[in-house]
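Participant: Build me a structure from this.
(4 chains)
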Number of protein chains: 4
Amino acid sequence: MSSHERIDIQMPTFGAGIWHFGRYVDRYATDGYGPPVSTLEAIDLAGQVGELSVVDMTYPFDPAGLGVDEVADALKRNNLRAIAVTPEIYTRRFSRGAFTNPDPAVRRQAIELVSEAAEVARRLGCDYVKLWPGQDGWDYPFQVDHSEVWKLSLDAVRELAGTFPDLRFAIEYKPREPRNTMVFSSVAKTLLGIEEIGLPNVGILLDFGHSLYGGESPADAARLAMSRGRLFAIDVNDNYRGWDDDMVVGSVHLVETFEFFYALADAGWEGVWQLDQFPFREDSVEAARAGIRVMKTIHRALGLVDREALAAAQQAQDALAAQRIVQRALLSAGAGR
Amino acid sequence: MSSHERIDIQMPTFGAGIWHFGRYVDRYATDGYGPPVSTLEAIDLAGQVGELSVVDMTYPFDPAGLGVDEVADALKRNNLRAIAVTPEIYTRRFSRGAFTNPDPAVRRQAIELVSEAAEVARRLGCDYVKLWPGQDGWDYPFQVDHSEVWKLSLDAVRELAGTFPDLRFAIEYKPREPRNTMVFSSVAKTLLGIEEIGLPNVGILLDFGHSLYGGESPADAARLAMSRGRLFAIDVNDNYRGWDDDMVVGSVHLVETFEFFYALADAGWEGVWQLDQFPFREDSVEAARAGIRVMKTIHRALGLVDREALAAAQQAQDALAAQRIVQRALLSAGAGR
Amino acid sequence: MSSHERIDIQMPTFGAGIWHFGRYVDRYATDGYGPPVSTLEAIDLAGQVGELSVVDMTYPFDPAGLGVDEVADALKRNNLRAIAVTPEIYTRRFSRGAFTNPDPAVRRQAIELVSEAAEVARRLGCDYVKLWPGQDGWDYPFQVDHSEVWKLSLDAVRELAGTFPDLRFAIEYKPREPRNTMVFSSVAKTLLGIEEIGLPNVGILLDFGHSLYGGESPADAARLAMSRGRLFAIDVNDNYRGWDDDMVVGSVHLVETFEFFYALADAGWEGVWQLDQFPFREDSVEAARAGIRVMKTIHRALGLVDREALAAAQQAQDALAAQRIVQRALLSAGAGR
Amino acid sequence: MSSHERIDIQMPTFGAGIWHFGRYVDRYATDGYGPPVSTLEAIDLAGQVGELSVVDMTYPFDPAGLGVDEVADALKRNNLRAIAVTPEIYTRRFSRGAFTNPDPAVRRQAIELVSEAAEVARRLGCDYVKLWPGQDGWDYPFQVDHSEVWKLSLDAVRELAGTFPDLRFAIEYKPREPRNTMVFSSVAKTLLGIEEIGLPNVGILLDFGHSLYGGESPADAARLAMSRGRLFAIDVNDNYRGWDDDMVVGSVHLVETFEFFYALADAGWEGVWQLDQFPFREDSVEAARAGIRVMKTIHRALGLVDREALAAAQQAQDALAAQRIVQRALLSAGAGR
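Facilitator: Residues are numbered from 1 along each chain as shown, chains lettered A, B, ... in the order given. You can find the predicted model right below:
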């Protein structure tokens, strides 16, 4: 076996949110950045990337009525596995809130949609159901009683996790967007909520970009979540620290992306290295390959770090020594093919 | 005539972008925050507000084929006048750029669409054509030759302003969104470009929120543009200084909104007080009324400022004295009906 | 007794950090923004304000050797009480960290200095010892093992709180400055730490400005801390959301300052309304009076809020209704004398 | 001659602000992050770095009375040249403004101090006098008449540049700090002012970090200044995009630092690669070496870029292609010794 093959074998599992391959819309290009993409088409695009092993599937599927079996078949023929299902609790009917909607009937619809998605997750053999209640929060000062929306959020997650004890629920926190402030806005606040919920099957999906533009150090956030056994999954991408730009991994913050993966490796975390990029104006297959290429560089660089020296530098909190060690690894890792 | 009526007569002209009354979409609620709203329906909603005199009309109208006469009629029956036309040079075909698109054919389409809009502006008797090239810029480091996109931007505006010397073109600058960086990103950069263009009929539409989250002091930005005779129009709204949240006027930054209007009044600027709010989750008519109510408060407060004392405080750069004077006016202006 | 006097009696207790009256230095005006101010001089300045009842005293006193009795006398003759002692664990010897310093001997010095300060707090009859470990954190990616600095921080606070069970320790969190990232950086992270410490006499001092520029809603942060019985004290000031500008209260964010105090009042919190302003270029006595004047406006406005209507608006999450109610109160409260 | 030597010969000239080697103070560690460092000691430290050729000298020298000849001697024995003199127009007497101070007598003092510094620059044979009016601006809404402080700023620079037509004056713009807003806050605003001044010997010192945390793309800012022949000098460092952290070059934003130097090289700009780092808690000589090591990496990487391919990618605005090309160069450049 050649050394090249050995390296390939050691590579982490790569994944992506299926929306990476979908059609983007925003408030200006209301006709979309491209033509519509159905769920099956998106799966085929994910398959074209060639190095993805898993995808996180949004639910409901598109078009409405598309069956789980058809999705399972499409995944299979593309050598993909569904690692998670993400119920879309942020579309029009949930635009004033899902778990925190002022209308109890809409809150119930949110629970029901997640429950449906959980059933799909069981059938697809997923690792977790992702909860991203992006419409839960507030826009204006004085708009809500913050204690009330907090309570509603925890109650909903507790109910879901209690109803599906065999499944894991990963909350993806985010500072803002589409709401001006989200309820689950930071790693620490989400951990507080999870501990208040008090169930073992609730954890965190840590999105590198959310952490970064939320003012956290993503490596620190990861360590905090891991120290409590709550880091269920990660997503990576990049941004300019002011908004969730969902750019290609490493395109801006190479060093901190490297630090993030170093923290994961150092703690023995062995989950999927998963893309959450929004290539509005780029080819989605090529953008995924670009992100994976950078992740491979980082993976190689991890192998080049003098860990003993770095541990000593960190023990001494010696920033200059730490940088020297890290740059030696990163700047000779090569960009790959 | 009662003193109350006198105050009403002195009120400024209020306006709004017609999109205030449209349907919002974003990358999550891709099915929209509400049902579609046609151009005529939006005009009728603007009419319902009751205190709007002018609107800024996006073009093309919706549905396609709707004629200028029908629009003019709808405006008339709602006692509205079109103050401006805003060509939509930021939809799908322009998603990789309008004036700066790498494809010369698309750049030409952008010029043509603006030219059409300029003809419509003539027919509607507008004060200006608004240019908001929101897709012109870049997303990634190394993506563009910045000199080239700058040149393309100036060339396009120069051509348009030269072709329609009887019309005024107001560039609305914005730091970012939908592009990660826009070419016309700040008041000063836009003024530099306008002076390089060298034509009298190009100016600025200063959006209070864009200025605020771009790190400017909107009052300072207004004074700079006015000092060069280039402040053609303004839009107001509010945000949390990190993004273009397009919230209701004064909902967060009452003091700086007051300072902005004070700077305009102090320099004798007499344009329209115009709303650019995006009430995603609110009733659009009520949101417009809320913004106007705040603008009326500010207008009353302007009348209560001890201008001589404030000038003396500013001459001495005495922040505490200035605040005291200003708060006396603002905090007794009342919220209005 | 007139209604005017009744209102005065109901006023909250006002306080200030004694540093408000000190001499400011920064990295540019290294010769200071004014002449040195000793501890006793600062107390006399605090006394001149006329409406302060309590002060938070930094320790050690200046000049070195100044006794607790002399300080107590100075406070007494100015009708002031020491509400807290703040040990200066952020000067040169602690510049690479206090509780998290890589050198165990310096960590010990930090514990010892806080212990001394705790003894002083006992003698002065303070309500709490404030812990602001501003040098504890990191500056660079890869500089520290985040788990290690977290552990060191919790261990130190646990030791202190265990050693002085009769005293309360209030951790003042802050996102950054002087360290690029502080360990206790947000309300939620600090609450996580406090619960991990597991002692009843550790809580939070919530600085409005720190919360604001940390991306929190200060009202939400306050409610979260109160819900767990950990809101020991507050400081107020203002900033532009990007840095700890420590400006005069309400000079920028009147509405959110109002919301913050509303949340406190709504939960029945009855602590001191305390200033943490840094009037670099202003007269410190006048700046304190300006902050108090705004706090009195807010206190009056609290009395004018239609609480039933606001509760209903918040129940419906109706932002426009909530604003209308709140603006009615605030904009007719008057600026006061 | 070996290829290794050839590369060394082609290296750019490296420089540093002399304050890099001084003593740091801030508002918390008021006793400084280390012992005082005199001007001559700082020069000797700069000499120890071993790869610096030029330094930017703050004036007045420390201690007061230190002569220009002594400084010149110290520079000479350390193989250093003074590239610039930076008058300290930001200390206590200028804390309410230098060129914009409300007191005309203080404004005159500022002009006089810069004039003295200009004479020193002549004697030392400097390339330029640096103007960094960090105290010129405002802190609060309504504090100043923005037109007035703008006029005062331009008048002062015009007077100085007119008085010393044989010298060049480089304005270093910065968004904020120590003032909450500086008058010369962005590249575009400074260029507007320079063109209004109308003299050939006024230009810009572009600090990479100021540009970055001001929301600019530093590469774009450089191109704009170069296109008008006004880029007199540059400083480099790094930060987290929210504040002027003055960290070691490339420690956070490797990619954008690379893009910045690429833009300079592409336009044929041949000035000094100059450090403006503030190593508060690090050894200043080692921190300079670390910055230079990264700049050498970038210089090597510049030589590895496939410029033709990059030009084609930029012509097509193809972000993915551009990244691939750039990463190939950067990630194989090595970290150096």
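
Participant: quick one: buried residues of stretch A:291-303?
Facilitator: Buried positions in stretch A:291-303, judged by neighbour count with 16 or more other C-beta atoms under 10 Å in any protein chain shown: A:291-302. For every residue, glycine as well, the C-beta is placed using N, CA and C.

Participant: Same check on stretch A:220-238?
Facilitator: Per 16+ other C-beta under 10 Å, stretch A:220-238 contains these buried residues: A:220-227, A:230-238.

Participant: which residues of chain A fall in strands?
Facilitator: A:14-17, A:54-59, A:81-87, A:128-131, A:137-138, A:169-172, A:181-182, A:202-207, A:231-235, A:273-275 (DSSP state E).

Participant: what about A:Phe164, how many neighbours?
Facilitator: 18 (other C-beta atoms under 10 Å in any protein chain shown).

Participant: cool, the one 10 residues further on as well?
Facilitator: A:Lys174 is flanked by 24 other residues according to other C-beta under 10 Å.

Participant: Now the spatially most central residue of chain A. Nearest residue, chain neighbours left out?
Facilitator: With the centre of chain A defined as its mean C-alpha position, the nearest residue by C-alpha atoms, centre = their mean is A:Asp235, 3.2 Å away. Nearest residue to A:Asp235 in three dimensions, chain neighbours excluded: A:Asp276, at 3.6 Å (C-beta to C-beta, 6 or more residues apart in numbering or on different chains).

Participant: and the one you found, how many residues sit next to it?
Facilitator: Other residues close to A:Asp276 by other C-beta under 10 Å number 24.

Participant: What of the one 4 residues further on?
Facilitator: Here the count is done by other C-beta under 10 Å, and A:Phe280 has 25 residues near it.

Participant: Looks like it contacts B:Arg179 (just checking).
Facilitator: No. Taking contacts as C-beta atoms under 8 Å, A:Phe280 lies outside contact range of B:Arg179: 9.4 Å.

Participant: Find the residues that touch each one of the two.
Facilitator: Listed as contacting both A:Phe280 and B:Arg179 by C-beta atoms under 8 Å, 6 or more residues apart in numbering or on different chains are B:Asp139.

Participant: A:Leu206 pairs with what?
Facilitator: With DSSP bridges as the criterion, A:Leu206 is bridged to A:Ile234.

Participant: Pretty sure it sits against A:Ala225.
Facilitator: Yes. Under the criterion of C-beta under 8 Å, A:Leu206 makes contact with A:Ala225 at 6.1 Å.

Participant: Could you tell me how far the nearest residue to A:Ser332 once chain neighbours are set aside is located from chain C?
Facilitator: Take A:Ser332 and drop its neighbours on the chain: the residue closest to it by C-beta to C-beta, 6+ apart is D:Gly334, 5.1 Å away. For D:Gly334, the distance to chain C equals 18 Å [C-beta to the nearest C-beta, to the nearest Å].

Participant: For D:Gly334, give me its contacts.
Facilitator: A:328, A:331-332, D:297, D:300.

Participant: again, only this time at 10 Å
Facilitator: Shown in contact with D:Gly334 (C-beta atoms under 10 Å, 6 or more residues apart in numbering or on different chains): A:327-328, A:331-332, D:296-297, D:300-301.

Participant: Turn these into JSON lines, including pLDDT.
Facilitator: As requested, the contacts of D:Gly334 are exported to JSON lines (pLDDT from 0 to 100):
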{"residue": "A:Gln327", "pLDDT": "98"}
{"residue": "A:Arg328", "pLDDT": "97"}
{"residue": "A:Leu331", "pLDDT": "96"}
{"residue": "A:Ser332", "pLDDT": "93"}
{"residue": "D:Lys296", "pLDDT": "97"}
{"residue": "D:Thr297", "pLDDT": "97"}
{"residue": "D:Arg300", "pLDDT": "97"}
{"residue": "D:Ala301", "pLDDT": "97"}
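
Participant: between those residues, which is closest to A:Ile171?
Facilitator: A:Gln327 (34.9 Å; C-beta to C-beta).

Participant: And the closest one, how close does it get to chain D?
Facilitator: According to C-beta to the nearest C-beta, A:Gln327 stands 4 Å off from chain D.

Participant: No further queries at this time; thank you.
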